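Chemist: here's a sequence, model it:
(one chain, ligands or ions: 1)
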Amino acid sequence: MNALKIDGAADVRALVLTGYGLNCEAETCAALQTVGARVTARHVADAIADVDALAGFQLVVFIGGFSFGDHIASGRVFANRLRFKMGERLLRHVDDGGLVLGICNGFQTIVKLGLLPGLEPGLSPRVSLVMNDRLGYWDAWVRLAVDRVSPCVFTRALPPVIELPSRHGEGKLVFEEGPLRQVLEDRHLIPVRYADEAGAATERWPDNPDGSPGGIAGLCDPSGRVFGLMPHPEAYLYPENHPHWIAQREAGTLPEHGLGLHLLAGGVRAIAGG
Ligand SMILES: NC(=O)CC[C@H](N)C(=O)O
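Modeler: Residues are numbered from 1 along each chain as shown. Next up is the predicted model:
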């Protein structure tokens, strides 16, 4: 499998936002560089000071970590900071065909900002992410069932089941009253769900670490270009990151690259047109 050679990747410019307690910039930049994209890491304060610089990037990544110390709620302060300073510019970025990826704290942030689920024009926060049902912060690998009918450009070339590291305290998705959940289901805006050993979506702990309904572990917008998920694709770049890599090697199932790298490659490939 050499699925990671992406023609045109050198023309893909990605912006990775850093600072204020975020902590996954090294892995996220490494992943995007590995698949050939041109990556800029920029402190949120600098990005906010020059929002029009966003025009130079086709992919904006909101990384994992503890923005503003998770005060009030994970991603809440960061989202409010962005709403008034960069919200309109981010919407234009998406309207112009740009991609946005939110990983863990980044997912929490773009949900609270209202970029996801993105069913109406403008920033419309209609879902949220709250405390895990049990045990608070939980760090373990999870299995994800991938909806390959989803419009999500990041996940469309993934196998039906992947495993990724997961580490968060506030990953349970909650909905406003009404038909919203059915709309998300019907439009395949739930690209990844926590899955049991058989690969079926589950609400049972520990396969589902946060109690998210329907096993929802990520959401995309109807364009498929805005995607956020709780697990960390940037933490599975090498096959040896997997806790069972030795057993996988003995069984002949060790992948050539970490499956998380494929997820990030999906975004880069969508931009490069490959
Ligand atoms: N790994 C992360 O990005 C964690 C997100 C957030 N700080 C939480 O605990 O829920």
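Chemist: go through this protein and flag its longest helix.
Modeler: In the chain, with assignment by DSSP state H, the single longest helix is helix 259-272.
Chemist: show me how far that helix is from its chain's centre.
Modeler: Put simply, helix 259-272 sits 12 Å off its chain's centre (CA atoms, centre = their mean, to the nearest Å).
Chemist: please identify the buried residues of stretch 138-154?
Modeler: 138, 141-147, 150-154 (16 or more other CB atoms under 10 Å). Any C-beta I mention is one placed from the backbone N, CA and C, and that applies to glycine too.
Chemist: quick one: it to chain centroid distance?
Modeler: Using CA atoms, centre = their mean, the offset of stretch 138-154 from its chain centre is 9 Å.
Chemist: get me the contact residues on the chain for the ligand.
Modeler: Counting by CB under 6 Å from any ligand atom, the residues of the chain lying close to the ligand are 64-66, 70, 74, 104-105, 137, 167-170.
Chemist: out of those, which comes closest to Arg38?
Modeler: Distance to Arg38 across the residues of the chain next to the ligand (CB to CB) is lowest for Gly64, with 21.7 Å.
Chemist: tally of neighbours for that closest one?
Modeler: 26 (other CB atoms under 10 Å).
Chemist: same check on Glu176?
Modeler: Using other CB under 10 Å: Glu176 sits among 10 other residues.
Chemist: quick one: contacts for the nearest residue to it once chain neighbours are set aside?
Modeler: Leaving aside its chain neighbours, Glu176 sits nearest to Arg126 (5.4 Å; criterion: CB to CB, 6 or more residues apart in numbering). For Arg126, the contact set (CB atoms under 8 Å, 6 or more residues apart in numbering) comprises 114, 117, 119, 175-176, 180.
Chemist: okay, those in a markdown table with pLDDT and secondary structure next?
Modeler: Below are these laid out as a markdown table (pLDDT from 0 to 100; DSSP: H, G, I helix; E, B strand; the rest coil):
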| residue | pLDDT | secondary structure |
| --- | --- | --- |
| Gly114 | 97 | coil |
| Pro117 | 96 | coil |
| Leu119 | 94 | coil |
| Phe175 | 91 | strand |
| Glu176 | 84 | coil |
| Leu180 | 94 | helix |
